[in-house]
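Peer 1: Fold the following, please.
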Amino acid sequence: MSFKYFLLLLLYSSTAFAKTTFTYRGGESADDHRQHYLEEVLTLALDKTVDDYGEYELITKAEGLNLARVLRNLEENAYPNFFVRVSMTDQIATKFSVVPFPVDRGVSGYRIAFVQNGKERQFCAAELPNIKKYSIVQGVAWLDGDILRANKLKVYDSSSYDNMFEMINVGRMDLFFRAINEVKDEYSTKSQALNGLQIESCIALYYPLPRFFITNKDNQANAQRIYQGLSRAYQDGSFQKLWNQFFKESMDLVKLNQRRIIQLDNPFIKDLNKDYKQYNFVMSEYLVDTPAR
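Peer 2: Residues are numbered from 1 along each chain as shown. Sure, this is the predicted structure:
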């Protein structure tokens, strides 16, 4: 074997076995399990595209950071191929590369509240004007807080994921609205330590809330890879299977069809392309005979 041929073979072998590193956001605390699903979604998308783009490794970064700090890391391109799931806005679409696939299939727009124990039925007759007098806690830089404020609700921000549950537990805040696909896991995780935490029984908020992965503005090629992988997984049904595995029990738990749905406006997605709706879950089976306000 000639030395030149040996070098070419070595170069080919190094290229063939090289893996592209992808990173995703870690949890805000040890009890924050929200990223487990997102890890599985990214893994699914990357597995579906190995033949087109090559092997990969997926690692977690930015553990313990709130969303505002994570977005700064993303803008600064702090980690290789860093992907973060966010609630979309028209402004975000101009600042980052977007994967226009709703990773929760649109169900996060339905919000159920944690309340202090003993107040589970306090809001059963509530409509929007009545809720405006109560204090609501949300996370710093969460779009939900901005949406609630735009609808004239009284919102207070917290920089700590864990502290928001504690505020409800001790009665410092009245309501902490969570997505219907998040409630079961969070209640299971938090209620044992926080005996004052309970799920409100009678109402739900609804506003359109598409949640996409985003990445640095210059990372368009890998954003396209993730979108291609998710589209393939949706077409072959593996995405829906994963989604059901993580979220179906929580959606059943909250009994959405027995709640008063209070509809709010989301003024932050006026220009967003609506093609993503083809992937949304059809909520009709959960909303039969539900009174709307």
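Peer 1: Surely F213 forms part of a strand?
Peer 2: Yes. F213 sits within a strand when classified using DSSP: H, G, I helix; E, B strand; the rest coil.
Peer 1: How about the contacts made by it?
Peer 2: The contact partners of F213, by C-beta atoms under 8 Å, 6 or more residues apart in numbering, come to L38, L42, F83, V84, R85, V86, V98, V99, F101, V103, A223, I226. Quick note: C-beta positions are derived from backbone N, CA and C, even for glycine.
Peer 1: moving C-terminal of the helix or strand where the first one lies, what's the next helix or strand?
Peer 2: Pointing back at L38 there. Secondary structure assigned from DSSP states H and E places L38 in helix 34-47. Sequence-wise, the next helix or strand beyond helix 34-47 is helix 50-53, with elements assigned using DSSP H and E.
Peer 1: Wait, M173 touches M167, no?
Peer 2: Yes. Taking C-beta atoms under 8 Å as the contact criterion, M173 and M167 are neighbours in contact, 4.3 Å apart.
Peer 1: and those two? which has more neighbours close in?
Peer 2: Ranked by neighbour count (other C-beta atoms under 10 Å), M173 and M167 place M173 first, with 25 against 20.
Peer 1: What score does that one have for pLDDT?
Peer 2: Each residue has a pLDDT score; the one for M173 is 96.
Peer 1: Give me the distance between it and D157.
Peer 2: The span separating M173 from D157 equals 11 Å under the rule C-beta to C-beta, to the nearest Å.
Peer 1: Need the overlap of contacts for those two.
Peer 2: Among the neighbours of M173, those also in contact with D157 (C-beta under 8 Å, 6+ apart) are V137.
Peer 1: R111 and F176 touch, don't they?
Peer 2: No. Judged on C-beta under 8 Å, R111 makes no contact with F176 at a distance of 9.8 Å.
Peer 1: got the residue ranges for the helices in the stretch 1-150 of the chain?
Peer 2: In order along the chain, the stretch 1-150 of the chain carries the following helices (DSSP state H, counting those that start in this stretch): 3-17, 34-47, 50-53, 67-75, 90-95, 128-131, 143-150.
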